[in-house]
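**Student:** I need the structure of the sequence given here:
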Amino acid sequence: MFKLFKRMKTVVSSELNSVLDKAEDPVKMLDQYMRDMSEDIREVEAAVAKQIANEKMLKRKANDANAMVEKRQEQAEKAIEAGNEDLARRALQDKKDHAATAEALNESWERAKKDADTLRDKLDEMKKEYQEMKLKKDSLKARAESAKTRTKMNRTMSNVGSDESKQGFERMEEKVLQYEAEAETSEDISQASRSIDDEFEELDKKDDIDDELAALKEKLGKE
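**Tutor:** Got it, this is the predicted structure:
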């Protein structure tokens with residue numbers, strides 16, 4: 001399990017480019033790796049809890065056996081004092097049996113404790129590495145999101161000023177110029193279409209004003 005966790009760490013640390021090459025979403029993959037690591041930790045935690053429970057059970061049985069050794073010793077002494085040698089002998093025999101059991105249980109407990117301590121150390125290391133990888137995952141996710149954003153922006157910017165855009169802009173400019181030319185042409189045509197009568201009528205209007213101006217000047221004695 002611990003080796004699997006180490007392999008998972010290596011994947012996260014060194015295979016981001018490979019993930020990108022395979023067109024996999026690195027953000028989703030990193031989240032999946034972290035879920036796998038978290039599952040590994042839960043499994044080790046369960047194993048540690050089981051080992052600690054086994055250690056405590058062995059320790060309790062060893063203590064019980066040692067307590068019986070002391071009890072049978074006291075009972076043997078009491079039997080001797082009472083002059084019951086046979087009872088004392090049986091108490092000492094049972095004491096011996098409990099002493100052998102206590103010794104075996106102590107050996108088993110020591111092994112269980114050693115195994116539990118080893119698992120606890122590995123679990124602590126796994127949790128520490130998990131936190132380190134979590135920080136690294138957050139950094140990699142931020143970098144991946146930034147890279148995707150830059151790529152999207154670059155693609156958008158590459159379309160600005162593209163041949164298609166320029167051609168469309170030039171077409172609109174030509175239309176504006178065409179509208180302006182049509183407006184100027186219509187004005188020229190309108191000017192050219194004026195009849196001779198129109199021009200004489202305008203001339204007559206000017207003469208009327210001149211006559212009126214001359215009469216006003218004569219009236220005011222300004223001539």
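**Student:** Give me the pLDDT for residue 102.
**Tutor:** Note for residue 102: predicted pLDDT of 94.
**Student:** show me where pLDDT drops low in this structure?
**Tutor:** 1-24, 156-166, 187-209, 222-223 (pLDDT under 70).
**Student:** Which residues does stretch 51-66 contact?
**Tutor:** With Cβ atoms under 8 Å, 6 or more residues apart in numbering as the test, stretch 51-66 has contacts from 98-99, 101-102, 105-106, 108-109, 112-113, 115-116, 119. Bear in mind the C-beta positions are built from the backbone N, C-alpha and C, glycine included.
**Student:** possible to save those as TSV with distance to residue 73?
**Tutor:** Converted to TSV, the contacts of stretch 51-66 look like this (distance: Cβ to Cβ, whole Å):
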residue	distance to residue 73
98	10
99	10
101	15
102	12
105	18
106	18
108	23
109	22
112	27
113	27
115	32
116	31
119	37
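**Student:** Let me know the closest of these to residue 91.
**Tutor:** residue 98 (10.5 Å; Cβ to Cβ).
**Student:** and the closest one, how many neighbours?
**Tutor:** A count of nearby residues for residue 98, using other Cβ atoms under 10 Å, gives 20.
**Student:** check which helix or strand covers it.
**Tutor:** For residue 98, the host element (DSSP states H and E) is helix 85-159.
**Student:** From the chain's centroid, how far away is that helix?
**Tutor:** 26 Å (Cα atoms, centre = their mean, to the nearest Å).
**Student:** for that helix, packing partners?
**Tutor:** helix 2-14, helix 26-81 (3 or more Cβ pairs under 8 Å, 6 or more residues apart in numbering; DSSP states H and E).
**Student:** related to what we said a few turns ago, list just the nearest of the contacts of stretch 51-66 to residue 221.
**Tutor:** residue 119 (130.1 Å).
**Student:** quick one on the thing from earlier: what angle sits between the helix holding residue 98 and helix 26-81?
**Tutor:** Relative orientation of helix 85-159 versus helix 26-81 (axes from the mean of the first three to the mean of the last three Cα atoms, to 10 degrees): 170 degrees.
**Student:** quick one on the thing from earlier: drop anything exposed from the contacts of stretch 51-66.
**Tutor:** 98-99, 101-102, 105-106, 108-109, 112-113, 115-116, 119 (16 or more other Cβ atoms under 10 Å).
**Student:** which one of those is nearest residue 90?
**Tutor:** residue 98 (12.6 Å).
**Student:** Spatially, which residue comes closest to the closest one, not counting chain neighbours?
**Tutor:** residue 68 (4.1 Å; Cβ to Cβ, 6 or more residues apart in numbering).
**Student:** Just give me the neighbour total for residue 34.
**Tutor:** Residue 34: 17 neighbours (other Cβ under 10 Å).
**Student:** wait, doesn't it sit right on residue 132?
**Tutor:** No. Judged on Cβ atoms under 8 Å, residue 34 makes no contact with residue 132 at a distance of 11.6 Å.
**Student:** Can you check which of the helices and strands packed on helix 85-159 gets nearest to residue 93?
**Tutor:** Of all the helices and strands packed on helix 85-159, helix 26-81 sits nearest to residue 93, with 8.6 Å by Cβ to Cβ.
**Student:** contacting residues around the residue nearest to residue 98?
**Tutor:** 94, 95, 98, 102.
**Student:** count of residues packed around the first one?
**Tutor:** When counting by other Cβ under 10 Å, one arrives at 16 neighbours for residue 94.
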